[in-house]
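test case, fold it:
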Amino acid sequence: MNKERKSLFTNIFYNSIYQLLLIIMPLITIPIVSRGLGTNGIGEYAYVTAIASVFASFGMLGINNYGSRTVASFKDDIEKRSKAFFEIWIVQLAFAMLSLLAYFIYYFFICKEQYVTMTLIVSCLVINSLFDINWLFFGMEEFKSPAIKNIIIKIISIVLIVVLVKTYDDIYTYCLIMSLSTLLSSVVMLPYIKKFVIKTKIDSHNLIKHIKPILILFIPIIAVTIYKKMDKIMLETLADIDEVGIYENAEKLINIPVSIITAIGAVMMPRMVGVYKDKPSSGDGYMSKSIVLVSFLAIGMLFGLIGIAKDFCPLFFGEKFNGTIPLIMWLSPTVYFIAFANIIRTQYLIPKKKDKIFTLSVLIGAVINVIFNLIFISLYGAVGACIGTIAAELFVMVYQIIAVRKEIPVGKYLLKSLYYFIPGAIMLVLILLFASYVDINIYAKIAIEVIGGALLYLLVSYPIVKRSLKS
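This is a model prediction of the structure:
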């Protein structure tokens, strides 16, 4: 195995371990937190963190993608890399301070009285934007250190939640654990800066050159934040806090497969910067293989979620969250929309600096989301928020496909991905038939649905995967 492949394998391995923990953590904590806090408590937490996330997004601007891309482009030149890093971080600190100031203005003058204490606690999420420099490590393709540190912090968080969060009265404790763990994840990485950069002089005039491209990338970030977070804010305003709680848990379950897919994109993005710079002809090969892997995972998981939702949700979330069943069925298709768009974005648009396509797609997607939410949330509550999310994610994917169709063989990629709908549909039908006609212990039933469905999907998909990787 050559050095380049070994590095890529190592990055994928450590990021996969971390993403596996992100899957395991909700599987342990969500049942405890859902039964302890109830729909009301989950809804309150989701509402205040949604607002804090909007302010944090303004603090980070488009720095994660821009910083990672810039660092990757100076990977072999420590002087240029160091200069670029400190310039970008200074810009980040300035905007993060402004965002933090705005957040406390919101806290003192606008925040609803019942959310005051939680809003103060989750300010850690906004403070985090001062210290979040993971873009440096991602740009250097250094996933090992961040992954190990985050794994340790996540494990500590899981233990604290299991021990300390029992009833609705523990909601402030839960908020503190979650928000502090996010902040700590960034702070513990600060000492590792010196591994990749050296002291250098900064010319204040050079700071200006970074602002325009950062702001260009900020537009899609805030647009994504709007249609990822605004639905909860609008649900609280147009429906009620219980609907927010039900929607939040459904979205958390959907985010488990999504996190696996976006992890692949995070690993591949800095690699693709180098590919397009040094070996442009290799780009199609990387993207083609990524499409095969991501489509196989996304389509299998979306059909699997639909199949097990009816049996799984009451057992996992508790009877109070039975309303999550239809929401998961509604939201499952977004796993595929997000997966395909993520490949185009992280492996072509961002590495090739085609930021306008990405920006316009998510900007219009956010507008579509808000419009659909205004129409459907007041009529259907959390289901209305699902309709808005589906519409937004579908538009983003379709727009990006149309925009790049003349530059890369996106039609070939799309066709490769669609093949997996056949084994996915077969798996879904058999799971639903099993669920309808077999009456056994619920734990055994779900285990058979998950394991049996996965094995069946793998068996039927294997010839497709094998053929697709060769073509």
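
pass me the low-pLDDT residue ranges in the protein, would you?
1-9, 11-12, 15-16, 19, 266-267, 269-271, 273-274, 277-278, 280-283, 471 (pLDDT under 70).

which other residues reach stretch 337-348?
Here stretch 337-348 makes contact (Cβ atoms under 8 Å, 6 or more residues apart in numbering) with 258, 261-262, 264-266, 268-269, 272, 283, 286-287, 290-291, 294-295, 297-298, 354, 358, 361, 390, 393-394, 396-397, 400-401, 404, 407-408, 410, 413-414, 417. Any C-beta I mention is one placed from the backbone N, CA and C, and that applies to glycine too.

got a PyMOL select line for the buried ones in those residues?
In PyMOL syntax, the buried subset of the contacts of stretch 337-348 is picked out as below (16 or more other Cβ atoms under 10 Å):
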select buried, resi 258+261+262+264+265+266+268+269+272+283+286+287+290+291+294+295+297+298+354+358+361+390+393+394+396+397+400+401+404+408+410+413+417
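
show me where the stretch 201-350 of the chain has strands.
Counting by DSSP state E, counting those that start in this stretch, the stretch 201-350 of the chain has no strands to list.

surely residue 81 is in contact with residue 200?
No: Residue 81 is beyond contact range of residue 200, at 9.5 Å (criterion: Cβ atoms under 8 Å).

buried ones in the helix or strand harbouring residue 90?
Residue 90 is part of helix 78-109 when elements are defined by DSSP states H and E. With burial defined by 16+ other Cβ under 10 Å, the residues of helix 78-109 counted as buried are 81-89, 91-92, 95-96, 99-100, 103, 106-107.

the residue most central in space within the chain and residue 46, how far apart?
Most central in the chain under Cα atoms, centre = their mean is residue 259, positioned 5.2 Å from the mean C-alpha point. Per Cβ to Cβ, to the nearest Å, residue 259 is found 17 Å from residue 46.

and for residue 235?
Residue 235 sits 9 Å away from residue 46 when distances are taken as Cβ to Cβ.

higher neighbour count, the two?
Using other Cβ atoms under 10 Å, the more surrounded residue of residue 235 and residue 46 is residue 235, with 28 against 24.

quick one: contacts for the more buried one?
With Cβ under 8 Å, 6+ apart, residue 235 has these contacts: 243, 244, 247, 377, 381, 382, 385.

could you work out the most separated pair of the residues you listed?
244 and 377 (10.6 Å; Cβ to Cβ).

what ranges do the strands span in the stretch 51-200 of the chain?
Shown for the stretch 51-200 of the chain, no strands are assigned by DSSP E, counting those that start in this stretch.

kindly export stretch 146-154 (C-alpha atoms) in CSV.
The C-alpha coordinates for stretch 146-154 follow below in CSV (Å, rounded to 0.1, in the frame of the first residue of the first chain):
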residue,chain,number,x,y,z
PRO,A,146,-9.4,15.3,16.4
ALA,A,147,-11.1,11.9,16.2
ILE,A,148,-9.4,10.5,19.3
LYS,A,149,-10.0,13.6,21.4
ASN,A,150,-13.7,13.8,20.3
ILE,A,151,-14.2,10.1,21.1
ILE,A,152,-13.0,10.6,24.6
ILE,A,153,-15.2,13.7,25.1
LYS,A,154,-18.2,11.9,23.6
